[in-house]
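In: Structure for this input, please:
(one chain, ligands or ions: 1)
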Amino acid sequence: MEIYTAERLQSALSPRPIRFVESVGSTNDLARQWLQQGGANGAVVITNEQVQGRGRLGRTWFTPPGTALILSLLLHPPATALHQITMLGAVAIAEMLDQLGAHSVAIKWPNDVLLNGRKVCGILPETTWDGSRLVGVVLGIGVNVRIDFTGTDLAATAISIEPALGRSFDRVDLLKMLLASLDRWSAHLGTDALFEAWRARLQTLGTSVLIDQPTGQLRGLAESVEPSGALRVRDAGGRLHTVMAGDVSLGEPG
Ligand code: BT5
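Out: Predicted structure coming up:
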């Protein structure tokens, strides 16, 4: 039986500063407060149940109690590396899945990690500024461990680690692995090595894409990515578009 308590997490993750709450609206909100109070690089907020989980662009993140890794990592990166925070999360999660023995792991631009072609986690970085001073970044991560999506809207697109790999896992062990991977890759923030590790796993390159932008839809071939993380898409007329990650989502081309 998995024990997921403050005491166990504290001793497993020591000396990392952690805050564990049994239930919360969003771990990103607690982590942002902690940042404002001077929370250190590497500190992490963890919960067992998130009742108002956020996705990007006002979307919601679904996590029933006891079924997922739900965490927000505090980071103090250089401002020049902010565009790599999503890359950091995606690469670290992909690496953890590799270590668990998963075979079909890929990144769907810009922020989805896919296992067997389905979304296994979500990544939500939020940056806090004080005027022009960068206070820090909160890297929110939700990884589906044992969510049963049967009968939900997500049944066809989402997946959890345990059913996919046919084994059960202890979330404390998973957290240790994930945080170790995040620490390793944080040391490469701002470098080409992190960008290249992210690009190497991008299944989106070379495929047809349909992108929902505030200005309308863009359909084309995803040709390449820029070090900023922007996607270069060539439309049917041969025109090249550069699409920033922040304000778009990637649909399936019909
Ligand atoms: C994301 O948004 O993928 C970012 C999700 C980040 C969640 C973490 S959990 C810890 C931290 N605290 C928070 O409040 N958030 C972060 P986006 O790319 O917008 O994808 C959201 C979409 O994914 C939803 O509209 C659903 O279609 C789908 N979705 C929701 N829950 C899911 C789940 N558990 N597994 C797979 N897909 C899901």
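In: contacts, neighbours, all on C-alpha from now
Out: OK.
In: what's the helix or strand for Glu49?
Out: For Glu49, the element it lies in under DSSP states H and E is strand 44-50.
In: What are the contacting residues of whichever helix or strand comes after that strand?
Out: For strand 44-50, the succeeding helix or strand toward the C-terminus, using DSSP H and E, is strand 53-54. The contact list for strand 53-54 (C-alpha atoms under 8 Å, 6 or more residues apart in numbering) reads 25-27, 60-63, 124.
In: before we move on, the earlier item: what does the strand holding Glu49 contact?
Out: Outside strand 44-50, the residues touching it (C-alpha under 8 Å, 6+ apart) are 4, 16-27, 30-31, 63-74.
In: tell me, which of these make contact with the ligand?
Out: 26-27, 63, 70-72 (C-alpha under 6 Å from any ligand atom).
In: need the helices for the stretch 51-200 of the chain, in chain order.
Out: Here the stretch 51-200 of the chain has its helices, by DSSP state H, counting those that start in this stretch, at 85-99, 161-165, 171-186, 192-200.
In: how far does the last one sit from the chain's center?
Out: Read that as helix 192-200. Remark: helix 192-200 is offset 16 Å from the chain centroid, using C-alpha atoms, centre = their mean, to the nearest Å.
In: Quick check: buried residues in that helix?
Out: 194-195, 197-199 (16 or more other C-alpha atoms under 10 Å).
In: Tell me which helix or strand comes right after that helix.
Out: strand 208-213.
In: thinking again about what came up before, sort out for me which of the contacts of strand 53-54 are in strands.
Out: 60-61, 124 (DSSP state E).
In: and those, which are buried?
Out: 61, 124.
In: So which of the ones in strands among the contacts of strand 53-54 is the closest to Asp98?
Out: Leu124 (21.5 Å; C-alpha to C-alpha).
In: Local confidence estimate at that closest one?
Out: On the pLDDT scale, Leu124 is placed at 96.
In: domains of the chain?
Out: Structural domains assigned to the chain are 6-200, 207-253, following automatic domain parsing.
In: Which stretch among the ones you listed is buried most, on average?
Out: domain 6-200 (a mean of 18; mean count of other C-alpha atoms under 10 Å).
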